[in-house]
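Chemist: Let's see this in three dimensions:
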Amino acid sequence: SVANYTSFLELPTPNRRLFVDEILQLKPIAAMNALAKKRLTALQELIRDNQYKIDVTTASIDNLKKLTLHSQQNVANIIAIKANQIKQLEKQRNDLQSQIVELENQIGSLKDDIDYETLEKYKLDQLYLQQGLSKIRFKKQQNEKQQHFYQENEKCPTCKQDIPSTTRDEQFGILESENEKIEKIVASVQTNADTLQLKIQDILNKIEELQSIANKLYGLNTDVETIYYQIQNIEKDTVAIIKSQSNVSETQLQNLNKEIASLEKIKIDLSAQQRLFDVALQLLRDDGIKAQIIKHYIPIINDYVNRYLMMLDFYIGFEFDENFNESFGEDKSSYSYNSFSQGEKARIYLSLLFAWRDMAALRSSFKTNLLILDEVLDSSLDGIGIETLFEMMNKIDTSIIIISHREIFIDKVPNVIKFEKVSNFSIKTS
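Modeler: Residues are numbered from 1 along each chain as shown. Have a look, this model is predicted:
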């Protein structure tokens, strides 16, 4: 209904764009953009992998060339250096593993101390205590209201009979005594609640400490794994040096150069594909193809809106820019949407409603054969606005259902179904 309808002009810019994408069927472009990004990511992974192979092969060629120029002693020195690097890394790894064992022991100890069932029980008990406190305090407030009543009233407000002072004093004393008991109960319950909160906080502190230690443990394990791969790479380099020293040949160098040539060709092909994806993503961005499509349809949308505004006898020179920001008047700065009355706003959003309907039909190549106007006649449209709306609807080639609480328009429609509310249920009466 109009009462629950949010005008397009009251939507924030992102929501306007989402609506327009739906109407102009631009969502497939966004899907293509996402798919292109996904494929580009996969392509970039291939490029990185190929570059890694090029770097490794280049390093192998450099090592091979260097080994042909050095003596056995130089090779031995290199191997000794790498062995020392491995030794230092192994020491670091052992130190880290000792820290890991210590942290694992701390985690085991904390897990033994943390009782999650007890924590949940404490929280439930705490909830019950808080609920009990609320009930007790409410009872005290009721008692205080009654005490105030006996202090301020010498006659019963209902039956107008006198309330004896002895009765008022007696009732006031009874309530005062009950309130004193309530205060003691509140203090006792609050003490229990505070004690329970301390217990809960103690368990939560242990859980937080456990998480902190677990994070440290994760970091140490990552460091150990990194050292493992570093040692593995050094060992591989050492083995490669020994093998190359024992069997350095021109054939090996030729094979590596062929491999580099093949990888460079692959690199060129992958780079060409990346450039294509870059161009595609440039076109699929919001300021690419979508912007051109929107630019094409903006004049059509403006024409539809102004045509319906004229049919509603409202000549304001409405215009959307390419970002769907609206403007009115000849200089496009004299008015804003909030400058108009509610009746005028109703004309504007009805014109937009019919314009979007026409745009949907234009883009999808078929028209809807049903239009439902829920309480449009009950909105802020004035008499002239309603008359012009009926004139406009008579020109629309579609079935129209009008829902209204006002009966003065019955003579303007060919068929009427009436409902009345009986015992909170809508009953068809005619």
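Chemist: Gln92 belongs to a helix?
Modeler: Yes. Judged by DSSP: H, G, I helix; E, B strand; the rest coil, Gln92 forms part of a helix.
Chemist: burial of it, as a residue count?
Modeler: 16 (other C-beta atoms under 10 Å). Every residue, glycine included, has its C-beta placed from N, CA and C.
Chemist: What is the longest helix along the chain packed up against?
Modeler: Scanning the chain for the helix with the most residues, using DSSP state H, yields helix 165-246. Counting by 3 or more C-beta pairs under 8 Å, 6 or more residues apart in numbering; DSSP states H and E, the packing neighbours recorded for helix 165-246 are helix 27-69, helix 72-113, helix 116-152.
Chemist: for Thr368, helix, strand, or coil?
Modeler: Three-state assignment for Thr368 (three-state DSSP): coil.
Chemist: what mean pLDDT does the longest helix of the chain have?
Modeler: Mean pLDDT, helix 165-246: 85.
Chemist: With mean pLDDT and distance to Thr398 as extra columns, can I get the helices and strands packed on helix 165-246 in TSV?
Modeler: Formatted as TSV, these follow (pLDDT from 0 to 100; distance: least, C-beta to C-beta, whole Å):
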stretch	mean pLDDT	distance to Thr398
helix 27-69	86	26
helix 72-113	83	69
helix 116-152	85	58
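Chemist: looking at those, which is closest to Leu389?
Modeler: helix 27-69 (32.1 Å; C-beta to C-beta).
Chemist: now that closest one and helix 165-246, what's the angle there?
Modeler: 40 degrees (axes from the mean of the first three to the mean of the last three C-alpha atoms, to 10 degrees).
Chemist: Which secondary structure elements does helix 27-69 sit against?
Modeler: Helix 27-69 packs on helix 165-246, helix 250-284, going by 3+ C-beta pairs under 8 Å, 6+ apart.
Chemist: For it, what is the distance to the chain centroid?
Modeler: 33 Å (C-alpha atoms, centre = their mean, to the nearest Å).
Chemist: What of stretch 298-311?
Modeler: With C-alpha atoms, centre = their mean, you get 35 Å for stretch 298-311.
Chemist: Next, the buried residues of that stretch.
Modeler: Across stretch 298-311, burial judged by 16 or more other C-beta atoms under 10 Å covers Ile298, Ile301, Asn302, Tyr304, Val305, Asn306, Tyr308, Leu309, Met311.
Chemist: Distance check, the third one against Met359.
Modeler: Meaning Asn302. Note on Asn302: its distance to Met359, by C-beta to C-beta, to the nearest Å, is 11 Å.
Chemist: do the fourth one as well
Modeler: From Tyr304 over to Met359 the distance is 7 Å, taken as C-beta to C-beta.
Chemist: Kindly report the same for the last one.
Modeler: With the distance defined as C-beta to C-beta, Met311 ends up 16 Å from Met359.
Chemist: what's the closest non-adjacent residue to Asp113?
Modeler: Lys206 (5.8 Å; C-beta to C-beta, 6 or more residues apart in numbering).
Chemist: who touches that neighbour in this structure?
Modeler: The neighbours of Lys206, taking C-beta atoms under 8 Å, 6 or more residues apart in numbering as the test, are Leu110, Asp113, Ile114.
Chemist: Go ahead and confirm the first one touches Leu210.
Modeler: Going back to what we said before, that points to Leu110. Yes. Counting by C-beta atoms under 8 Å, Leu110 touches Leu210, with 4.5 Å between them.
Chemist: can I assume Asn323 sits in a strand?
Modeler: No. Applying three-state DSSP, one finds Asn323 to be coil, outside a strand.
Chemist: okay, now the nearest residue to it once chain neighbours are set aside: neighbour count?
Modeler: Spatially, and ignoring its direct neighbours in sequence, Asn323 is nearest to Thr13 (6.9 Å; C-beta to C-beta, 6+ apart). By other C-beta under 10 Å, 10 other residues sit near Thr13.
Chemist: One more: the one 10 residues further on?
Modeler: Other residues within reach of Ile23, judged by other C-beta under 10 Å, total 18.
Chemist: thought it was touching Arg363?
Modeler: Yes. At 6.8 Å, Ile23 and Arg363 qualify as touching, with contact defined as C-beta under 8 Å.
Chemist: re the thing from before, would you list the buried residues of stretch 298-311 in JSON lines and tack on secondary structure?
Modeler: Converted to JSON lines, the buried residues of stretch 298-311 look like this (three-state DSSP):
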{"residue": "Ile298", "secondary structure": "helix"}
{"residue": "Ile301", "secondary structure": "helix"}
{"residue": "Asn302", "secondary structure": "helix"}
{"residue": "Tyr304", "secondary structure": "helix"}
{"residue": "Val305", "secondary structure": "helix"}
{"residue": "Asn306", "secondary structure": "helix"}
{"residue": "Tyr308", "secondary structure": "helix"}
{"residue": "Leu309", "secondary structure": "helix"}
{"residue": "Met311", "secondary structure": "helix"}
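Chemist: Determine which two of these are furthest apart.
Modeler: Ile298 and Met311 (20.6 Å).
Chemist: Leaving out chain neighbours, which residue sits closest to Tyr297?
Modeler: Leu24 (6.1 Å).
Chemist: distance of that neighbour from Arg285?
Modeler: 16 Å.
Chemist: hmm, back to that, among the contacts of Lys206, name the buried ones.
Modeler: Using 16+ other C-beta under 10 Å, the buried members of the contacts of Lys206 are Leu110, Ile114.
Chemist: His50: neighbour count?
Modeler: For the record, residue 50 is Asn, not His. Using other C-beta under 10 Å, Asn50 has 17 other residues around it.
Chemist: List the contacts of it.
Modeler: Leu263, Ile266, Lys267, Leu270.
Chemist: Give me the mean pLDDT for the helix or strand hosting Leu353.
Modeler: Here Leu353, judged by DSSP states H and E, is contained in helix 342-364. Confidence over helix 342-364 (mean pLDDT, whole number) is 83.
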